[in-house]
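Novice: need a 3D model of the following:
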Amino acid sequence: MILWKTVDGNMGLLSKTLERYQRCSYGTLELNQQNPDEQSSYQEYLKLKAKVDILQQSQRHYLGEGLEWLGSKDLDQLERQMDLALRQVRLTKTKHMLDQLTDLQQKEQSLLEANKNLRSELEESTMAYQLSWQAHERNIDKRRPPVHLDCNDNIRIGYNNEAPNDGRDVPSRSQNTNGVIPVWML
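Specialist: This is a model prediction of the structure:
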């Protein structure tokens, strides 16, 4: 910065004037340097805004709104776009369903295998249980003598078979009224 001495020795006014000059001249350069950035940002904003407007209009057209302003060529193009989009949706849906079918078939196969394993384990445990039960029955049969009941003889409990019938209702031997001793009591 250049300082000028005036006759009276006052440098304040001259320095203030020079500072103002520098601010104005270099300040415009700084503004001009920021201005292209601002201008490019504003241009980018306008481009993005136009794209958003086009996308919103396309969305309205896909929803069936605002079609009265379109010509036959635009309607044909819109129809082709929608057909293409519909095919893409159907392909994606079919692929998704086939993937699910494959997953379900794999799950079915694993469940069938697990069921087969469980069935064989059940059969093995049933056979082991039957064998142990048969061995237990043989051991019991060896320890006690077999009981033979004559089905023709009725054992009556609480009745005197030799007492004469004195008019009371005493069932006879031929009436078999549950006077047989059950096997579990022996």
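Novice: make it CA atoms for all contacts and neighbour counts henceforth
Specialist: Will do.
Novice: tell me the secondary structure at Ala114.
Specialist: Assigned state for Ala114: helix (three-state reduction, DSSP: H, G, I helix; E, B strand; the rest coil).
Novice: which pLDDT value goes with it?
Specialist: Note on Ala114: pLDDT of 96.
Novice: so what's the residue count around it?
Specialist: 12 (other Cα atoms under 10 Å).
Novice: equivalent analysis for Glu38, please.
Specialist: Glu38: 13 neighbours (other Cα under 10 Å).
Novice: and it, what element?
Specialist: Following DSSP states H and E, one finds Glu38 within helix 12-62.
Novice: so what secondary structure elements neighbour that helix?
Specialist: Packing partners of helix 12-62 (3 or more Cα pairs under 8 Å, 6 or more residues apart in numbering; DSSP states H and E): helix 72-143.
Novice: now stretch 46-63: mean pLDDT?
Specialist: Rounded mean pLDDT across stretch 46-63 is 88.
Novice: what's in contact with that stretch?
Specialist: 66-67, 78, 82 (Cα atoms under 8 Å, 6 or more residues apart in numbering).
Novice: ok, 10 Å please
Specialist: 40-45, 64-68, 70, 75, 78-79, 81-82 (Cα atoms under 10 Å, 6 or more residues apart in numbering).
Novice: buried subset of those residues as a ChimeraX selection?
Specialist: To isolate in ChimeraX the members of the contacts of stretch 46-63 that are buried, counting by 16 or more other Cα atoms under 10 Å, one can use:
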select :78
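Novice: how is this structure divided into domains?
Specialist: 11-65, 75-145 (automatic domain parsing).
Novice: now distance to Trp184 too, for those domains, in TSV please.
Specialist: Listed next are the domains of the chain as TSV, based on distance: least, Cα to Cα, whole Å:
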stretch	distance to Trp184
domain 11-65	84
domain 75-145	14
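Novice: where among the ones you listed is average confidence lowest?
Specialist: Minimum mean pLDDT among the domains of the chain: domain 11-65, a mean of 76.
Novice: so which of the domains of the chain is nearest Ile181?
Specialist: domain 75-145 (17.6 Å; Cα to Cα).
Novice: what is the orientation angle of the helix holding Glu38 with helix 72-143?
Specialist: 70 degrees (axes from the mean of the first three to the mean of the last three Cα atoms, to 10 degrees).
Novice: I'd like the numbering to begin with 59 instead of 1 from here.
Specialist: Will do, 59 is the new start, and the previous item becomes helix 70-120.
Novice: got the phi/psi numbers for Gly124?
Specialist: phi 70, psi 30 (degrees, to the nearest 10).
Novice: and the pLDDT at it?
Specialist: pLDDT, read off for Gly124, is 82.
Novice: which ones are touching Leu156?
Specialist: 150, 162.
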